[in-house]
Structure formats: structure tokens, C-alpha cells
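# give me a 3D structure for the following:
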Amino acid sequence: MVDSVADHRAQGGQRCGCCVITVSDTRTVETDTGGALVVERLTAAGHEILRREIISDNPEPLIALLRQCESDANIQAVLLTGGTGIARRDQTFETVRGLLNKIIPGYGELFRSLSYAEIGSATILSRTVGGLMSQTVVLTMPGSPKAVKLAMDKIIVPELGHLVHEANK
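Alright, predicted model coming up:
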């Protein structure tokens with residue numbers, strides 16, 4: 001077991017090329033605190049931000065953007081904030097899930113479990129999803145800064161290098 005933990009930690013150190021997407025009809029670069037936190041955490045962990053976008057919660061442009069990321073060999077991971085709730089405009093879950101060829105159910109499960117400890121049963125409103133689009137790791141998270149910090153600090157930063165490593169085996 002010790003060897004597998006050591007191997008896991010070594011693979012987790014892999015640096016990744018990333019795209020950060022904020023799904024919002026109202027945010028700008030100046031007001032996008034969730035996206036800024038994603039960029040901050042990724043950069044601090046040694047990952048490279050190759051692209052950062054703010055896009056409306058509309059499936060067609062989001063699909064086009066995700067397909068561009070998927071076809072860019074330098075982008076290994078796409079992290080999205082926003083649009084994961086249950087409001088009529090929230091379409092990130094359906095859009096992203098429809099593009100994934102492999103779902104990583106543990107990501108959403110773990111996020112909601114950790115979130116429950118902080119916000120209680122309101123965590124059921126979060127429809128985070130993660131998986132692979134070909135070999136590109138795609139992870140969504142709510143747009144609130146507290147949710148972004150939770151996802152980035154407790155799940156994404158510790159596991160992103162390992163996820164990319166496994167996706168490219």
C-alpha cells in the first residue's frame with residue numbers, strides 16, 4: 001500500500017496545461033472572483049493557464065469552446081465555475097455531461113460530501129460533474145468563491161496531476 005501511495009503522490013506532481021471557464025451571464029474579468037480563485041490556485045500549484053474564458057450559460061458556445069480545448073494538445077484539463085445549480089438558466093451540468101466519454105462520479109460525490117460539512121443539506125443543489133472528454137480532464141464546480149475554494153483546495157489541486165496522468169495512459 002505504501003508504494004501505491006508514493007506512486008500516487010509522484011503522479012500528482014505532474015504539471016498541466018489548463019483552461020479556466022466561468023459560465024455566467026453577468027460576470028466580467030473584474031468581477032469573476034470564482035474564476036480568479038481557480039487561476040490563483042492552479043498557478044500556485046505550478047500548473048499553466050493557457051486559456052481563460054467567461055461565457056454565457058448557453059450550450060452551443062460552451063460546446064464549441066470545450067471542443068476547441070479538447071482538440072488543443074496543450075490543454076490537458078478544463079475547469080469550469082458556474083451554471084451547476086438547478087435554476088432554469090443553469091445548463092452547465094447537462095452540457096458538460098453530454099460531452100464526457102468517461103464520468104468520474106467520485107468527484108461530484110466527494111464535493112457534495114465535503115460541502116455538506118460546510119453548508120448542510122443545501123449541498124443537494126450542487127450538480128458538479130467531472131470526467132474525461134477524450135483524454136482531457138473536465139471538472140465543473142459552483143461559481144461561489146466558497147465552493148471554488150473547497151473544490152480547488154480539497155479535491156482538484158491535490159488530484160489534478162494524477163487525473164491527467166491516468167487520462168493519458
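# so what's the gap between stretch 53-68 and the chain middle?
How far stretch 53-68 lies from its chain's middle: 14 Å, per C-alpha atoms, centre = their mean, to the nearest Å.
# longest helix anywhere in the chain?
helix 105-119 (DSSP state H).
# name the helices or strands packed onto that helix?
Helix 105-119 is packed against strand 130-133, helix 145-151, with contacts defined by 3 or more C-beta pairs under 8 Å, 6 or more residues apart in numbering; DSSP states H and E. All C-beta atoms are positioned from the backbone trio N, CA, C, and that covers glycine.
# I'd like the next helix or strand past the helix-or-strand element of the chain with minimal mean pLDDT.
Ranked by mean pLDDT, DSSP states H and E, the helix or strand of the chain with the weakest confidence is helix 2-12, at a mean of 59. Following helix 2-12 in sequence order, the next helix or strand is strand 17-23 (DSSP states H and E).
# pull out the buried positions in that next one.
Neighbour-count burial for strand 17-23, with 16 or more other C-beta atoms under 10 Å as criterion, is recorded at 17, 18, 19, 20, 21, 22, 23.
# same check on stretch 63-75?
Buried residues in stretch 63-75 (16+ other C-beta under 10 Å): 65, 66, 69, 70, 75.
# hang on, the fourth one packs against residue 133?
If I follow you right, that is residue 70. Yes. Residue 70 lies in contact with residue 133 (C-beta atoms under 8 Å); the separation is 5.0 Å.
# please name the bridge partners of residue 52.
Beta-bridge partners recorded for residue 52 (DSSP bridges): residue 20.
# what is the neighbour count of it?
The tally of other residues near residue 52 (other C-beta atoms under 10 Å) stands at 16.
# on the pLDDT front, check it for me.
For residue 52, the model assigns a pLDDT of 97.
# swap in residue 25?
For residue 25, the pLDDT comes out at 89.
# can you check which of the helices and strands packed on helix 105-119 gets nearest to residue 123?
Closest to residue 123 of the helices and strands packed on helix 105-119 is helix 145-151 (C-beta to C-beta; 9.4 Å).
# quick one: low-confidence ranges for the protein?
Scanning the chain for pLDDT under 70 picks out 1-13.
# just checking, residue 168 touches residue 135?
Yes. If you go by C-beta under 8 Å, residue 168 and residue 135 touch, sitting 5.4 Å apart.
# between the two, which contacts overlap?
The contact sets of residue 168 and residue 135 overlap at residue 76 (C-beta atoms under 8 Å, 6 or more residues apart in numbering).
# of those two, who's got more company?
Of the pair residue 168 and residue 135, residue 135 is the one with more neighbours under other C-beta under 10 Å, namely 15 against 12.
# fine by me, we can end here.
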